[in-house]
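Trainee: 3D model of this:
(one chain, ligands or ions: 1)
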Amino acid sequence: MSLSSALDPVRRALSGALLLPGDDDFETARQPWNLAVAQHPAAVASPADVADLRVLVQAARDSGATLAVQPSGHGASGDLAGSVLVRMAAFDALDVDLDAGILTVGSGVRWGAVLAALEGTGWAAPSGTSPVVSVAGYTLGGGHSWFSRTAGLGSDNLRAAWVLRADGAHGRVDDDSDPELMWALRGAGGIVGIVTALEIDLVRAPAVWGAGLTFDVADAVAVIRAVRDLAADAPPTLNVFANSMRMPDAPQLPEEIRGRSFLTVQALSADGAAEELIDRVRRAGSVRREVSGPTSPAVLAAASPEPTEPTPGRGRSMALTALDDSAIAALMDFRERPEQWPIIGIDIRMLGGALDAPRRSGFASLEFVGWLLHALAPVIPGAPSEPGDASLDVFRDLLAPSEAARTVTTFLGPGQTLDRCGTEAEISRLRAVRDEVDPDAVLHEGRLPR
Ligand SMILES: Cc1cc2nc3c(=O)[nH]c(=O)nc-3n(C[C@H](O)[C@H](O)[C@H](O)COP(=O)(O)OP(=O)(O)OC[C@H]3O[C@@H](n4cnc5c(N)ncnc54)[C@H](O)[C@@H]3O)c2cc1C
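Mentor: Take a look at the predicted model:
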């Protein structure tokens, strides 16, 4: 019997929906948010509740399919043949305890809804830069946020999770009840259970202050050095990102940025203005444009240039131990080479602070990693992909001498595995947790091939 025929009767047992190939909406439903990734699951399920999830677990067991939970597909990695893709949109509860600073959310909730709920409360979420990423996918994959120097990784703020195990048991897990599972959920969540809700510490941010400085490309080396030097004595409440942009000479772009290269520095302080420190960066070049003053994560998210609709995306991340003068010079020289045009932006995130002293035990860690870089080479429909792929390879090779031993799951690209995120001993520990909670391989193998 084909997998489709085996799964067909499951529809009647669900309160939610199950789409199979040939159904009207199947082709749209199977697409990940990152349209550059091709995935061909055997079915797409939208469970309405935990009872539905239990039906799906049993159906997977009976049919030999695996379950791949994917709220949106921002982090889609490819091959889902033989899997039931599980969308979590119905798990949409959202509760904020403003006295305790604790967020409890269903695993279908996206960060935008949380940011809106926190606006004006004096609390911030340990969320990433995109409001459309799911809280679960981000937190269970580590998650580096605007506030990571202040509050650590997203996963470090995970207090507890409600997990449906492969044996059908569902309940709240925390560090007292199951420390090994919590360790695995903090960074490798997708492979050890189906999370239905999460309990997360919020970040105390009584006076969020931001500065956005734009410099001409001629100042880029000096400004990035100044940002690098700031890391030595910036307090953990100060978070700094730099971004090197090189815009194509495309007629649809505004005149002031079209065909131009520039560098922006964004700083975000959780406890008020950090003028004196930011002045060190200001003085490193001539500021072309500046916006600074009180702000909020919701305002930042609304101003983000990142796409909010499904888009074909392509990029490469590099976690670095250090950003020395020769790496900065090589990076900026690379930015000016005409053949490297496919990379539009390179994001440079300052790490350290709370990241160097994790409060909870978790697989994900950026402890003593200095910098997190991400290069973006947009996929242009109809255009050949080779120049972009080649450019991203050069970017990787250029920074390889400074590459740190680990990164976090949310910064892995399609096809990359968890081996890049932990030591051999940690990967063995992860396999042991998985073998314990999912001995029959009901869950998709994710980024840790069996
Ligand atoms: C525009 C954009 C900006 C981004 N910015 C940042 C950033 O600032 N910082 C950062 O760290 N990352 C960032 N990311 C990466 C993003 O956080 C990851 O791709 C994340 O995994 C996406 O989560 P998702 O649920 O939306 O995606 P999905 O691809 O749907 O899910 C990713 C994985 O999470 C796991 N998962 C999700 N939900 C569950 C669940 N309920 N139970 C078990 N496992 C589950 C699964 O393994 C799944 O494969 C960004 C991505 C985009 C597209």
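
Trainee: tell me the helices and strands packed up against the strand or helix carrying residue 291.
Mentor: In this structure, residue 291 sits in strand 287-294 according to DSSP states H and E. Secondary-structure packing of strand 287-294 (3 or more CB pairs under 8 Å, 6 or more residues apart in numbering; DSSP states H and E): strand 209-216. C-beta here means a position set from N, CA and C on the backbone, and glycine is covered the same way.

Trainee: run the angle between the strand it packs on and strand 287-294 for me.
Mentor: Between strand 209-216 and strand 287-294, the angle comes out at 170 degrees (axes from the mean of the first three to the mean of the last three CA atoms, to 10 degrees).

Trainee: rounded mean pLDDT for strand 209-216, please.
Mentor: Strand 209-216 shows a mean pLDDT of 96 in the predicted model.

Trainee: any buried residues in the strand holding residue 291, and which?
Mentor: Neighbour counts over strand 287-294 (16 or more other CB atoms under 10 Å) mark 287, 292 as buried.

Trainee: equivalent analysis for stretch 14-33, please.
Mentor: 14, 16-20, 29-33.

Trainee: those residues in strands, which ones?
Mentor: 17-19 (DSSP state E).

Trainee: sorry, back to before: so can I have CSV of the buried residues of stretch 14-33 showing distance to residue 195?
Mentor: As requested, the buried residues of stretch 14-33 are exported to CSV (distance: CB to CB, whole Å):
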residue, distance to residue 195
14, 19
16, 17
17, 20
18, 20
19, 22
20, 25
29, 21
30, 22
31, 23
32, 19
33, 19
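
Trainee: dump those residues into TSV; add pLDDT and distance to residue 356 as well.
Mentor: As requested, these are arranged in TSV below (pLDDT from 0 to 100; distance: CB to CB, whole Å):
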residue	pLDDT	distance to residue 356
14	97	46
16	98	43
17	97	45
18	97	46
19	97	46
20	96	49
29	95	42
30	95	41
31	93	39
32	91	34
33	88	32
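
Trainee: circling back: what is the rounded mean pLDDT of the strand holding residue 291?
Mentor: Mean predicted lDDT for strand 287-294 stands at 95.

Trainee: same check on stretch 247-264?
Mentor: Here stretch 247-264 scores 83 as its mean pLDDT.

Trainee: this protein - how does it break down into domains?
Mentor: 3-86, 94-204+423-437, 209-411 (automatic domain parsing).

Trainee: give me whichever of those is most buried.
Mentor: domain 94-204+423-437 (a mean of 21; mean count of other CB atoms under 10 Å).

Trainee: let me know the closest of the ones in strands among the buried residues of stretch 14-33 to residue 300.
Mentor: Nearest to residue 300 among those: residue 17, at 35.2 Å, using CB to CB.
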